[in-house]
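S.K.: Here is a sequence with its predicted model. Questions after.
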Amino acid sequence: MRINTTLLGWVGVVLAALLAFFCTDYRLFQLTLMVAYAIAILGLNIVTGFNGQISLGHGAFYAIGAYVSAILMDKFDVPYWATLPPSALVCGVVGFLIGLPALRLAGLYLALTTFALAVAIPQLLKHPVLEHWTGGVQGIVISKPTPPFGLPLSEDQWLYLFSLGVGVVIFVLVRNLLRGRIGRAMIAIREQPLAAEAMGIDLATLKTATFATSALVTGLAGSLGAIAIQFVAPDSFTVFLSIFLFVGLVVGGVASIAGAIPGAAFIVFIPNVADQISKAAPSAVYGVLLIALLYVMPTGVAGFLRAVTNRLFAKT
């Protein structure tokens with residue numbers, strides 16, 4: 001018996017949309033952040049999971065996307081929804097420029113290079129030259145979007161549904177990309193780069209384009225995150241953000257599109273769970289929970305569910 005994953009996915013989208021009418025505003029805020037992080041993890045998965053390039057700096061692209069949206073809204077009164085394409089475009093260009101020198105690097109060397117980017121970006125955002133635009137250490141405060149057309153929704157309900165809609169579009173587009181010729185070429189480079197090049201795949205072009213696409217998706221996530229939080233500041237985008245995104249990638253499942261969702265849920269909700277378990281040492285509890293999950297699910301949540309499903313339906 002074969003499961004119709006497409007139908008299952010759309011059922012999940014409908015159920016997720018219905019949560020807007022049953023959850024408190026605070027819970028909807030958390031779910032909105034979860035959608036943003038899921039998109040960011042998806043972007044990281046494109047370059048790391050499907051193309052094999054290890055990146056520990058995607059928090060930098062998330063920060064750039066967040067700041068582009070905040071600056072456009074604060075300085076130029078651009079509507080929140082209209083800031084998403086420019087944020088994605090800017091991050092795509094930055095990702096392309098970062099991807100060019102990264103062609104000479106691989107493995108741990110590329111990981112350290114992207115890690116350095118994540119360390120540098122918060123300091124650059126505080127620099128006096130950019131302070132007029134970025135607000136320096138004080139950051140930028142933006143207003144929460146109101147529901148359009150007089151819809152009978154609260155601000156949190158509308159923002160969650162808007163973010164969910166953007167997330168669905170991004171996931172569908174990325175899924176189609178990765179399941180097509182380009183996606184197969186990415187995987188070929190990850191598995192056997194020499195064989196892929198012998199088959200006529202342009203490694204330099206595809207690797208650079210992959211990095212740009214990955215940054216574009218992550219920057220879009222940063223825009224949604226900024227709009228949800230209504231505030232951006234350099235200290236909100238430390239290197240720990242990149243590490244958390246990488247944790248979400250591994251927890252959800254490397255090279256799994258759907259795995260970005262449980263990965264995002266982990267980095268949004270588990271810190272709160274750890275804090276409730278122990279007020280004195282929440283980080284220790286978080287670490288124990290992470291180790292336990294990876295011990296039980298070494299291939300991530302998506303890999304675990306796939307294995308369980310295959311075993312159950314293999315008996316029918």
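M.R.: Nice, I can see it. Residues are numbered from 1 along each chain as shown.
S.K.: quick one, helices of the stretch 101-250 of the chain?
M.R.: Using DSSP state H, counting those that start in this stretch, the helices of the stretch 101-250 of the chain run over 108-125, 131-134, 155-178, 181-191, 193-198, 203-229, 239-252.
S.K.: what's the most buried one of those helices?
M.R.: Mean neighbour count (mean count of other Cβ atoms under 10 Å) peaks for helix 203-229 among those, with a mean of 25. To be clear about C-beta, it is placed using only N, CA and C from the backbone, and glycine gets the same treatment.
S.K.: Let me see the mean pLDDT of that one.
M.R.: The average pLDDT within helix 203-229 is 95.
S.K.: that older thread, out of the helices of the stretch 101-250 of the chain, flag the one nearest residue 49.
M.R.: With Cβ to Cβ as the criterion, residue 49 lies closest to helix 239-252 of those, at 6.8 Å.
S.K.: Now do the buried residues in the helix or strand that the closest one is followed by.
M.R.: For helix 239-252, the following helix or strand on the C-terminal side (DSSP states H and E) is helix 260-277. Judged by neighbour count (16 or more other Cβ atoms under 10 Å), helix 260-277 contains these buried residues: 260, 261, 262, 263, 264, 265, 266, 267, 268, 270, 271, 274.
S.K.: Count residues in the vicinity of residue 39, would you?
M.R.: Neighbour count for residue 39, taken as other Cβ atoms under 10 Å: 29.
S.K.: Got the confidence number for it?
M.R.: On pLDDT, residue 39 comes in at 98.
S.K.: Apart from its chain neighbours, what residue comes closest to it?
M.R.: In this structure, residue 39 finds its nearest non-sequential neighbour in residue 221, 3.8 Å apart by Cβ to Cβ, 6 or more residues apart in numbering.
S.K.: Ok, residue 84 next?
M.R.: residue 223 (5.2 Å).
S.K.: who's in contact with that neighbour?
M.R.: By Cβ atoms under 8 Å, 6 or more residues apart in numbering, the residues touching residue 223 are 65, 66, 68, 69, 83, 84, 87, 88.
S.K.: Please identify the buried residues of the strand or helix carrying the third one?
M.R.: Think residue 68. Element membership of residue 68, judged by DSSP H and E, is helix 58-76. For helix 58-76, a neighbour-count test (16+ other Cβ under 10 Å) marks 58-74 as buried.
S.K.: With distance to residue 132 added, can I get the contacts of residue 223 in TSV?
M.R.: Below are the contacts of residue 223 laid out as TSV (distance: Cβ to Cβ, whole Å):
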residue	distance to residue 132
65	20
66	18
68	15
69	17
83	19
84	24
87	19
88	24
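S.K.: Tabulate those residues in a markdown table, adding columns for distance to residue 249 and pLDDT.
M.R.: Formatted as a markdown table, these follow (distance: Cβ to Cβ, whole Å; pLDDT from 0 to 100):
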| residue | distance to residue 249 | pLDDT |
| --- | --- | --- |
| 65 | 18 | 97 |
| 66 | 19 | 97 |
| 68 | 23 | 98 |
| 69 | 23 | 97 |
| 83 | 26 | 97 |
| 84 | 23 | 97 |
| 87 | 21 | 97 |
| 88 | 20 | 97 |
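S.K.: Nearest to residue 212 among those?
M.R.: Of all the contacts of residue 223, residue 88 has the smallest distance to residue 212: 10.5 Å, by Cβ to Cβ.
S.K.: Need the residues that contact the helix or strand containing that closest one.
M.R.: Per DSSP H and E, residue 88 falls inside helix 84-102. The contact list for helix 84-102, computed with Cβ under 8 Å, 6+ apart, reads 53, 61, 64-66, 68-69, 72, 110, 113-114, 117, 166, 207-220, 222-224.
S.K.: Likewise for stretch 63-72?
M.R.: When contacts are defined by Cβ under 8 Å, 6+ apart, stretch 63-72 is touched by residues 78, 80, 82-84, 86-88, 90-91, 94, 121-122, 125, 133-134, 140, 142, 218-223, 225-227, 232, 234, 236-237, 241.
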